[in-house]
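have a look; sequence and predicted model below, questions after that.
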Amino acid sequence: MQQLPKMHRWTLGVMVAAAGLLAGCSDEVNPVLGTDMAYSIYGIFTPELDTQWVRVFPIEGTLRLRDTTALDAVVMSTDLTTGEKVVWRDSLLLQPNGGYEHAFWSPFRAAFGHEYRLDVQRSDGRTTSGQTTVPGRLEAEMQPFERRPDVVLPFLLRGTADHLMKIEMEYHVIYDYFPGPPSSTSTEKLILAYEGTISSSPDGWKLPINLSADYARMRTILASEMKWKPTFGLAILGVSVRMLVASEDWMPPGGVFDPEVLGMPNVMSNVENGFGLVVGGYRLNLDFFPPDDAAAAAGYRLLSELDE
Amino acid sequence: MVVSARAWCLLFVLILGLTAWDARAQNASIGGFVTDASSGQPLEFVNVVFTAEGGTARVVTSGRDGSYVISGITPGRYVLNATYIGYTAFADTLVLAAGERRTIDIRLAPADRQLEEVVVESERTSGAARVIAGQQTVTPADLEMVPSPDVSADLVNYLTTMPGVVTTGDRGGQLYIRGGEPSQNLVLLDGIPLYQPFHVLGFYSAFPAEIMNRADIYAGGFGSRFGGRVSSVLDVISRSGNEHRFAGTFAASPFVSAASIEGPIVPGRFSFLGSIRQSFLEEGAEPLTGRRLPFKFGDGFFKIQGRLTSRSRISISGIKTFDRGIIGEDTGGVPPDEVRWENQGIGFRYVVLPKILPLTAVVNVTHSRLTSEQGPPGASYRMSSVQTTKVGIDASFVGKRINTDTGLTVEAIDLDSRISGLFQGLDLRASEFTAAAMYLEPEFRVGGGLRIRPGLRMQFYQVRFDPYVEPRVRVTWDRGMHHFSAATGLYYQEVVGLSDRRDAASVFTVWANIPRQESRTQDVRAGRLSRAVHAILGYRISPTPWLDLSIEGFHKEMDNLFVGEWTPFPRLSTRVQPASGHSSGFDVRAEFRPGRFYGFVTYGYARTIYNAEQEELIFWYGEERIRYRPAHDRRHQVNTLISTRLAGFDVSARWAFGSGLPFSRAIGFDGFVFLDDVRDLSKSPSTRRVIYERPYNGLLPTYHRLDLSVDRSFDLEPARITVQGSIINLYDRNNIFYLDVFTLQRVDQLPIVPSFGVKVEF
């Protein structure tokens, strides 16, 4: 057999040697760093419900569907205001993807203004915890209306609460079609966003309900649907104010609830040794009827006129 | 850069005027076409020397179609010589009268190898170390030396040996060149743009060696003739069929079978060339690899070429490719979908040497279309198509001191897509628009081996009058054995390819106009075009006729890019975010050609960094912008190849090494419940979640692979039979292809793959 020239032998030898050397280099990859943290927990302490729930997810090394195997976790809450401790019970939730998730529950109603701590402990002692304070009860007090020159009906919400969010007004109104036969009235519920209108004061929160501006907004909405007759106007059947009264830690960055933003574990999280969010809050609903003089000053038809 | 068109047009006219004046001062001229006497194949880069009595010589090089023009000839007696590697020299004596336009076609006869004609070093145009300001020329002979699982060679296998060319694996058909994305590469076959020319299995492309004449790869710094892309150009020129006799090949291997045929339509005047390939992976290759290869692909090519008159040539080329495959694997997460794509293209090319002017003019009319789908066969839920019709006129003026290339192109582009939520928040409607471009690129032969080639390209998108102006410069300086080169330029891209690059298996690309999301921003979301600035500086030395050494540094600045947003949620959709980036590095190459031995060693270093501007970053990391290494940032690459003949066998071995690619490591996996209101959490939906650390903070293992091929040819008149055996991944390295970003399960590239093939040529 023809012998390789020297350069050929040298080059081939280097290539094979290098290949052999590198063949021993590891081809392993460790895609999961791992963590000492045990759980991600999501819970809301609320006086609205007579049962409190928390979702518990173990932090694992794979993305797998869980089965019905019991979760290695003991969930306990402590009412730091009273010292009461409660052990919560496990419940399995079947998900649409066929996997099971764990939701722990306890049959009690969270108290206004109480501070709660939630601990989820693993058998090895690792504990994930969250702590929050349920906002205090707010009592609404209607104040005399003002002309600014808009007709504003102020409400004072007395009590202690860190955040009021997702504020909206629902007007139940009577309107008439345009053009349409006389007295072809109908009713509709219109929801108006009221974010950014509330302000805090030493006595509580001030919510100015601008009846004049709301009238103009509703008129615009209804007119676009041929539901505004100038000779009829609008009459109020009732008004509801709804808002979320939230604990201090329940505040998204920028004030916007966006799952794409909040999905990152370190965003809006108050959990120790884990991820997630434990918050307190409740929905506040106020149903009221504006005084006739305020409604009339803002341009609304009075129900008494319609009865005539 | 939107600049007053008036100033640039004035400069255009000035340079054209200078060239015309240079041309106007000329008397006689000669021109014609240089061809291979045995086949009629046009020969490019032939040195045509026109020597006057008294010794003054003019040297020109034949162009792509074999055309040459020598102008500015005073009446008299001359000797015309033509030399080219592998061919017997041509010589002729002629007398030219004042104002005469003589047509002389030069037919070069292949040289007898036994006479061992001296290889004129300056005539070598290809080679692993022969890089000129980012440009490298590749010929079929170069392709034959790279081991592959097929007896027939393919361009893509050679491309992957080049420093600065990164593939994410042996499937998917995605090439990243010096930091640029696949959709930023302009790929042309005879001027026909192909949007996805690389087959689903990474050893194959639309360019088998049988149809190739040569390929020019511009890794950056390309001249003004090319536009519409910001990263690189791959310009493939097909060869012509044999004008004198019929010939053909048939090749079979477990991976692919192929056939080609060529011959005269009108002997000595018109010829045809046809090629077809079809994969048989499921039937033939799966038993060899030991794993399922759910891929099917094929391609077909034809070309008709011929001589219309003594001063004109015409050719028509057509190509069609198809691919389908499931690139990822079911790793327990979301099962991967099938992707399918099909390229179709046809081009008409008319080359003429007008008698009235000493120039070469080329008219190109092309039409091409890419259709991509994702989803079950017959029920795709994602589709993207891009269709381009282009008419261009190019002219090359030849003067005593200044050569000038100029051209005008008008393009109609048609984009359509149905992406079923793949990219959220984008409004990708069907759109049709027209683009036009003009370019001017004079070459100044300053003297002392220095050539300066400034260029100007003006790109008009959507019939706006103020063009995007793209100045470029290429400089070469040859000083004996020392060769210096440099290039710089500005590049824009209107039609972009959007892909979810979070893992390498995501190859479905949506071709779209720059999407407009929000006009108040001052970035790509306001419709600003993707933009890049290139800078290249290189040096090459040829200390001996058999050794070339080169080193080349590069830098690319990229703006107005779209990259996929990060999200912790495992789903097959994403939003895009604006980004900018830069890539810089250098290549060192050594090429050896002593006797029958051939080898090269190349090392490439490249560093690519992106800056992303996703709105959520400030909440996630406390920064408005984040710097990261994109998934194709391979820092170090080494390629070695040797090829020689032993005892009648042609032996080739190739070893490739690449440092690990970045990927996003997970801390763990959990669930997420969206708490935006007081709810009964026993009824609230949840989402599985990946807890990532900072994006692309991890590194995949290094990649390396040794391939070997041995082949032997037998002459059995009238045929020649070649038998090849090869082994891909000789030491069975587990090279990772990708990590599923949601399940973080790995998918590996092909293991050790023995293969064999037979090729019959007649």
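Arrived safely.

pLDDT weak spots in chain B?
B:1-26, B:113-124, B:328-335, B:420-430, B:462-465, B:501-506, B:514-527, B:570-575, B:741-744 (pLDDT under 70).

chain center to the helix or strand hosting B:F460, what's the gap?
Using DSSP states H and E, B:F460 sits in strand B:450-461. In terms of CA atoms, centre = their mean, to the nearest Å, the centre of strand B:450-461 is found 20 Å from the chain centre.

list the buried residues for whichever helix or strand comes after that strand?
Moving toward the C-terminus from strand B:450-461, the next helix or strand (DSSP H and E) is strand B:468-479. Using 16 or more other CB atoms under 10 Å in any protein chain shown as the burial criterion, the residues of strand B:468-479 that qualify are B:468-478. In this view, the C-beta of every residue, glycine as well, is placed from N, C-alpha and C.

before we move on, what about stretch B:604-612?
Residues B:604-606, B:608, B:610-612 are the ones in stretch B:604-612 that count as buried (16+ other CB under 10 Å).

and stretch B:578-597, by the same measure?
With burial defined by 16+ other CB under 10 Å, the residues of stretch B:578-597 counted as buried are B:578-593, B:597.

which of those are close to chain A?
Among the buried residues of stretch B:578-597, proximity to chain A is found for B:592, B:597 (CB under 8 Å from any CB of the partner chain).

in strands, which of the buried residues of stretch B:578-597 appear?
B:578-592 (DSSP state E).

quick one: mean pLDDT over the helix or strand harbouring A:A296.
Per DSSP H and E: A:A296 is located in helix A:292-298. Across helix A:292-298, pLDDT averages out at 92.

right, and the helix or strand after the host helix or strand of B:G599?
Using DSSP H and E, B:G599 sits in strand B:598-612. Using DSSP H and E, the helix or strand that follows strand B:598-612 towards the C-terminus is helix B:617-620.

may I see the buried residues of that next one?
Using 16+ other CB under 10 Å as the burial criterion, the residues of helix B:617-620 that qualify are B:617, B:619-620.

what does stretch A:136-151 give?
For stretch A:136-151, burial by neighbour count (16+ other CB under 10 Å) applies to A:136-138, A:140, A:142, A:145, A:150-151.

before we move on, what about stretch B:137-153?
By neighbour count with 16+ other CB under 10 Å, stretch B:137-153 contains the buried residues B:137-140, B:142-153.

closest to chain A among these?
Using CB to the nearest CB, B:P147 is the member of the buried residues of stretch B:137-153 that lies nearest chain A, at 12.4 Å.

contacts only, for the closest one.
For B:P147, the contact set (CB atoms under 8 Å, 6 or more residues apart in numbering or on different chains) comprises B:157, B:652-654, B:707-709, B:726, B:728.

please, where are all the strands along the stretch 201-308 of chain A?
Counting by DSSP state E, counting those that start in this stretch, the stretch 201-308 of chain A has these strands, from start to end: A:204-210, A:235-246, A:271-272, A:274-288.

hey, where'd the strands end up in the stretch 351-500 of chain B?
Along the stretch 351-500 of chain B, the segments classed as strands by DSSP E, counting those that start in this stretch run B:359-374, B:382-398, B:402-418, B:423-424, B:431-447, B:450-461, B:468-479, B:482-493, B:495-498.

any chance of CSV for the ones you listed, columns distance to A:V279?
Formatted as CSV, the strands of the stretch 351-500 of chain B follow (distance: least, CB to CB, whole Å):
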stretch, distance to A:V279
strand B:359-374, 40
strand B:382-398, 39
strand B:402-418, 41
strand B:423-424, 28
strand B:431-447, 46
strand B:450-461, 51
strand B:468-479, 52
strand B:482-493, 47
strand B:495-498, 38
